[in-house]
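Asker: Give the three-dimensional model of this entry:
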Amino acid sequence: MLEMVLDYTKYIALFLGILAGFPIVWQRRNRLGKINAFQTLLVCIAFSICSTVSAMLFAGIESIISGHGFTITSISTYGIYFICPLMLMLFAKACNVRISNIFDIFALYALPSLFFLRCNCLISGCCGGKEIFDTGIHWPTREAELIFYIVMLIFLLKREKKNVSGGTLFPLLMVSYGSFRFIEEWFRISSGAGAVHPAHIWSLIAAAIGLSIYFELQSPKRMNRGGKYV
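Answerer: This is a model prediction of the structure:
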(Lines give C-alpha, C1' and ligand atoms only; values in the text may rest on other atoms or scores of the structure.)
Protein backbone atom coordinates (compact mmCIF):
# COMPACT_ATOMS: atom_id res chain seq x y z
CA MET A 1 0.00 0.00 0.00
CA LEU A 2 2.80 2.40 0.94
CA GLU A 3 4.68 1.64 -2.28
CA MET A 4 1.56 2.39 -4.32
CA VAL A 5 1.13 5.72 -2.54
CA LEU A 6 4.78 6.61 -3.20
CA ASP A 7 4.33 5.78 -6.89
CA TYR A 8 1.49 8.30 -7.17
CA THR A 9 2.80 11.13 -4.99
CA LYS A 10 2.89 13.55 -7.93
CA TYR A 11 -0.78 12.95 -8.65
CA ILE A 12 -1.64 13.20 -4.97
CA ALA A 13 0.24 16.51 -4.80
CA LEU A 14 -1.67 17.75 -7.83
CA PHE A 15 -5.00 16.75 -6.28
CA LEU A 16 -4.12 18.43 -2.98
CA GLY A 17 -3.16 21.57 -4.88
CA ILE A 18 -6.58 21.68 -6.54
CA LEU A 19 -8.28 20.99 -3.21
CA ALA A 20 -6.37 23.77 -1.45
CA GLY A 21 -6.74 26.16 -4.36
CA PHE A 22 -10.50 25.81 -4.72
CA PRO A 23 -11.36 28.10 -1.75
CA ILE A 24 -8.93 30.70 -3.13
CA VAL A 25 -10.69 30.81 -6.49
CA TRP A 26 -14.16 30.52 -4.94
CA GLN A 27 -13.63 33.56 -2.72
CA ARG A 28 -12.65 35.58 -5.79
CA ARG A 29 -15.25 34.21 -8.19
CA ASN A 30 -16.77 37.68 -8.69
CA ARG A 31 -13.57 38.71 -10.46
CA LEU A 32 -14.22 35.88 -12.93
CA GLY A 33 -17.84 36.77 -13.65
CA LYS A 34 -19.73 35.36 -10.65
CA ILE A 35 -19.13 31.74 -11.57
CA ASN A 36 -20.80 28.85 -9.74
CA ALA A 37 -19.14 26.05 -7.79
CA PHE A 38 -18.81 23.70 -10.77
CA GLN A 39 -17.30 26.44 -12.93
CA THR A 40 -14.92 27.29 -10.10
CA LEU A 41 -13.74 23.68 -10.07
CA LEU A 42 -13.21 23.82 -13.84
CA VAL A 43 -11.11 26.97 -13.44
CA CYS A 44 -8.99 25.21 -10.80
CA ILE A 45 -8.50 22.20 -13.06
CA ALA A 46 -7.61 24.52 -15.97
CA PHE A 47 -5.06 26.32 -13.79
CA SER A 48 -3.50 23.01 -12.76
CA ILE A 49 -3.40 21.71 -16.32
CA CYS A 50 -1.73 24.91 -17.53
CA SER A 51 0.80 24.70 -14.70
CA THR A 52 1.62 21.05 -15.23
CA VAL A 53 1.91 21.24 -19.02
CA SER A 54 4.04 24.37 -18.75
CA ALA A 55 6.36 22.75 -16.22
CA MET A 56 6.74 19.64 -18.37
CA LEU A 57 7.39 21.63 -21.55
CA PHE A 58 10.01 23.79 -19.89
CA ALA A 59 11.71 20.71 -18.46
CA GLY A 60 11.86 19.41 -22.03
CA ILE A 61 13.43 22.68 -23.18
CA GLU A 62 16.02 22.48 -20.40
CA SER A 63 16.76 18.90 -21.43
CA ILE A 64 17.38 20.00 -25.03
CA ILE A 65 19.68 22.81 -23.89
CA SER A 66 21.67 20.38 -21.74
CA GLY A 67 22.10 18.12 -24.79
CA HIS A 68 19.91 15.23 -23.65
CA GLY A 69 17.07 15.67 -26.12
CA PHE A 70 13.46 16.58 -25.45
CA THR A 71 11.69 14.74 -22.66
CA ILE A 72 8.50 15.32 -20.69
CA THR A 73 9.18 12.82 -17.90
CA SER A 74 10.12 15.57 -15.44
CA ILE A 75 8.90 19.04 -14.50
CA SER A 76 10.56 22.43 -14.06
CA THR A 77 9.13 25.17 -11.87
CA TYR A 78 10.33 27.81 -14.31
CA GLY A 79 7.71 26.70 -16.81
CA ILE A 80 5.07 28.24 -14.56
CA TYR A 81 6.76 31.62 -14.93
CA PHE A 82 7.74 31.51 -18.61
CA ILE A 83 5.20 29.34 -20.45
CA CYS A 84 2.12 29.32 -18.24
CA PRO A 85 1.48 33.10 -18.59
CA LEU A 86 0.93 32.63 -22.33
CA MET A 87 -1.65 29.93 -21.63
CA LEU A 88 -3.33 32.11 -19.00
CA MET A 89 -3.67 35.00 -21.44
CA LEU A 90 -5.39 32.69 -23.93
CA PHE A 91 -7.58 31.36 -21.13
CA ALA A 92 -8.56 34.90 -20.08
CA LYS A 93 -9.40 35.84 -23.65
CA ALA A 94 -11.48 32.70 -24.20
CA CYS A 95 -13.43 33.35 -20.99
CA ASN A 96 -13.72 37.10 -21.65
CA VAL A 97 -12.14 37.91 -18.26
CA ARG A 98 -9.66 40.67 -17.49
CA ILE A 99 -6.10 39.36 -17.69
CA SER A 100 -5.17 41.15 -14.46
CA ASN A 101 -7.88 39.22 -12.60
CA ILE A 102 -6.69 35.90 -13.98
CA PHE A 103 -3.07 36.55 -13.04
CA ASP A 104 -3.87 37.78 -9.54
CA ILE A 105 -6.01 34.74 -8.78
CA PHE A 106 -3.58 32.32 -10.40
CA ALA A 107 -0.66 33.69 -8.36
CA LEU A 108 -2.54 32.86 -5.17
CA TYR A 109 -3.81 29.53 -6.52
CA ALA A 110 -0.37 28.39 -7.66
CA LEU A 111 1.32 28.70 -4.26
CA PRO A 112 -0.45 25.77 -2.53
CA SER A 113 0.15 23.63 -5.62
CA LEU A 114 3.84 24.50 -5.65
CA PHE A 115 3.99 23.76 -1.94
CA PHE A 116 2.59 20.25 -2.35
CA LEU A 117 4.77 19.54 -5.39
CA ARG A 118 7.84 20.44 -3.34
CA CYS A 119 6.57 18.12 -0.61
CA ASN A 120 6.64 15.46 -3.31
CA CYS A 121 10.35 16.22 -3.75
CA LEU A 122 10.89 15.53 -0.06
CA ILE A 123 9.19 12.15 -0.41
CA SER A 124 10.92 11.18 -3.66
CA GLY A 125 14.31 12.48 -2.53
CA CYS A 126 14.96 14.78 -5.49
CA CYS A 127 16.04 18.44 -5.59
CA GLY A 128 18.00 18.14 -2.38
CA GLY A 129 20.70 20.38 -0.96
CA LYS A 130 24.45 19.96 -1.02
CA GLU A 131 26.29 18.47 1.91
CA ILE A 132 27.37 21.02 4.53
CA PHE A 133 31.15 20.84 4.86
CA ASP A 134 31.41 17.03 4.88
CA THR A 135 29.18 16.77 7.95
CA GLY A 136 26.72 14.34 6.39
CA ILE A 137 24.02 16.99 6.80
CA HIS A 138 22.54 18.64 3.72
CA TRP A 139 21.29 22.17 3.24
CA PRO A 140 17.50 22.20 3.78
CA THR A 141 16.75 23.66 0.35
CA ARG A 142 13.40 21.96 -0.10
CA GLU A 143 12.28 22.96 3.38
CA ALA A 144 13.37 26.53 2.70
CA GLU A 145 11.28 26.59 -0.47
CA LEU A 146 8.25 25.31 1.42
CA ILE A 147 8.64 28.20 3.87
CA PHE A 148 9.06 30.59 0.92
CA TYR A 149 5.69 29.56 -0.52
CA ILE A 150 3.92 30.04 2.81
CA VAL A 151 5.48 33.48 3.32
CA MET A 152 4.64 34.55 -0.24
CA LEU A 153 1.02 33.45 0.11
CA ILE A 154 0.65 35.53 3.28
CA PHE A 155 2.36 38.52 1.64
CA LEU A 156 0.25 38.41 -1.53
CA LEU A 157 -2.97 37.96 0.44
CA LYS A 158 -2.14 41.06 2.50
CA ARG A 159 -1.39 43.03 -0.65
CA GLU A 160 -4.65 41.93 -2.20
CA LYS A 161 -6.53 42.94 0.96
CA LYS A 162 -5.23 46.50 0.51
CA ASN A 163 -6.88 46.51 -2.94
CA VAL A 164 -3.64 47.39 -4.74
CA SER A 165 -3.07 44.13 -6.62
CA GLY A 166 -4.33 45.00 -10.11
CA GLY A 167 -2.45 42.18 -11.81
CA THR A 168 0.77 42.74 -9.84
CA LEU A 169 0.61 39.57 -7.73
CA PHE A 170 2.05 37.29 -10.39
CA PRO A 171 4.91 39.67 -11.35
CA LEU A 172 5.77 40.00 -7.65
CA LEU A 173 5.80 36.21 -7.39
CA MET A 174 8.16 36.07 -10.38
CA VAL A 175 10.54 38.59 -8.82
CA SER A 176 10.46 36.92 -5.42
CA TYR A 177 10.94 33.38 -6.69
CA GLY A 178 13.65 34.43 -9.14
CA SER A 179 15.57 36.18 -6.35
CA PHE A 180 15.04 33.35 -3.89
CA ARG A 181 15.98 30.61 -6.34
CA PHE A 182 19.06 32.51 -7.55
CA ILE A 183 20.49 32.39 -4.04
CA GLU A 184 19.25 28.91 -3.20
CA GLU A 185 20.72 27.43 -6.36
CA TRP A 186 24.22 27.62 -4.85
CA PHE A 187 23.05 25.29 -2.08
CA ARG A 188 21.15 22.80 -4.27
CA ILE A 189 22.47 19.67 -5.89
CA SER A 190 22.53 20.74 -9.53
CA SER A 191 23.51 19.12 -12.81
CA GLY A 192 25.08 22.40 -13.93
CA ALA A 193 28.86 22.68 -13.95
CA GLY A 194 30.75 25.56 -12.41
CA ALA A 195 29.69 28.24 -9.94
CA VAL A 196 26.88 29.50 -12.16
CA HIS A 197 24.18 27.04 -13.20
CA PRO A 198 21.52 27.41 -15.91
CA ALA A 199 18.99 27.88 -13.11
CA HIS A 200 20.82 31.06 -12.10
CA ILE A 201 20.15 32.46 -15.56
CA TRP A 202 16.49 31.46 -15.54
CA SER A 203 16.13 33.03 -12.09
CA LEU A 204 17.59 36.33 -13.25
CA ILE A 205 15.36 36.36 -16.33
CA ALA A 206 12.27 35.63 -14.23
CA ALA A 207 13.13 38.41 -11.78
CA ALA A 208 13.86 40.87 -14.59
CA ILE A 209 10.62 40.14 -16.44
CA GLY A 210 8.64 40.31 -13.22
CA LEU A 211 10.15 43.70 -12.31
CA SER A 212 9.49 45.06 -15.79
CA ILE A 213 5.82 44.05 -15.70
CA TYR A 214 5.38 45.27 -12.13
CA PHE A 215 6.74 48.76 -12.86
CA GLU A 216 4.66 48.94 -16.02
CA LEU A 217 1.55 48.21 -13.97
CA GLN A 218 2.64 50.84 -11.45
CA SER A 219 2.77 53.56 -14.11
CA PRO A 220 0.53 56.63 -13.52
CA LYS A 221 -1.58 55.75 -16.56
CA ARG A 222 -2.74 52.56 -14.84
CA MET A 223 -3.38 54.00 -11.40
CA ASN A 224 -5.50 56.83 -10.04
CA ARG A 225 -4.43 59.33 -7.43
CA GLY A 226 -5.54 57.16 -4.58
CA GLY A 227 -3.10 54.42 -5.52
CA LYS A 228 -5.85 52.17 -6.83
CA TYR A 229 -5.77 50.46 -10.20
CA VAL A 230 -8.15 51.69 -12.84
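
Asker: excluding its backbone neighbours, what's nearest residue 29?
Answerer: Of all residues not flanking residue 29 in the chain, residue 35 sits nearest, at 4.9 Å (Cβ to Cβ, 6 or more residues apart in numbering). To be clear about C-beta, it is placed using only N, CA and C from the backbone, and glycine gets the same treatment.

Asker: Give me the pLDDT for the one you found.
Answerer: Residue 35 carries a pLDDT value of 92.

Asker: tell me the SS of it?
Answerer: Recorded secondary structure, residue 35: coil (DSSP: H, G, I helix; E, B strand; the rest coil).

Asker: How many neighbouring residues does it have?
Answerer: 19 (other Cβ atoms under 10 Å).

Asker: got the phi/psi numbers for it?
Answerer: Main-chain dihedrals, residue 35, degrees, to the nearest 10: phi -80, psi 160.

Asker: Starting from residue 201, give me the distance back to it.
Answerer: Distance of residue 35 to residue 201, given as Cβ to Cβ, to the nearest Å: 39 Å.

Asker: What of residue 136?
Answerer: According to Cβ to Cβ, residue 136 and residue 201 sit 31 Å apart.

Asker: Residue 129 touches residue 142, doesn't it?
Answerer: Yes. Between residue 129 and residue 142 a contact is recorded at 7.4 Å, counting by Cβ atoms under 8 Å.

Asker: out of these two, which sits in the more crowded spot?
Answerer: Taking neighbours as other Cβ under 10 Å, residue 129 and residue 142 compare with residue 142 leading, 20 against 17.

Asker: Isn't the more buried one up against residue 127?
Answerer: Yes. The pair residue 142 / residue 127 is scored as a contact, 5.9 Å apart, by Cβ under 8 Å.

Asker: Residue 136 and residue 201: which is more packed in?
Answerer: Between residue 136 and residue 201, counting by other Cβ under 10 Å, residue 201 is the more crowded of the two (13 against 7).

Asker: Show me what counts as buried in stretch 61-81.
Answerer: Using 16 or more other Cβ atoms under 10 Å as the test for burial, stretch 61-81 gives 62-63, 75-81.

Asker: Now go through those and say which are in strands.
Answerer: Among the buried residues of stretch 61-81, no member falls in strands (criterion: DSSP state E).

Asker: Turn those into CSV, including pLDDT and distance to residue 155.
Answerer: Listed next are the buried residues of stretch 61-81 as CSV, based on pLDDT from 0 to 100; distance: Cβ to Cβ, whole Å:
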residue, pLDDT, distance to residue 155
62, 87, 28
63, 85, 33
75, 83, 25
76, 89, 24
77, 91, 18
78, 94, 21
79, 94, 23
80, 95, 18
81, 96, 17
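
Asker: all helices of this structure, in order?
Answerer: 2-7, 9-26, 37-65, 78-82, 84-95, 99-124, 141-161, 169-184, 198-217 (DSSP state H).

Asker: closest one to residue 190 among the ones you listed?
Answerer: With distances scored as Cβ to Cβ, the stretch of the helices of the chain nearest to residue 190 is helix 198-217 (6.5 Å).

Asker: Can you work out which other helices and strands pack against the closest one?
Answerer: With contacts defined as 3 or more Cβ pairs under 8 Å, 6 or more residues apart in numbering; DSSP states H and E, helix 198-217 has these neighbours: helix 78-82, helix 169-184.
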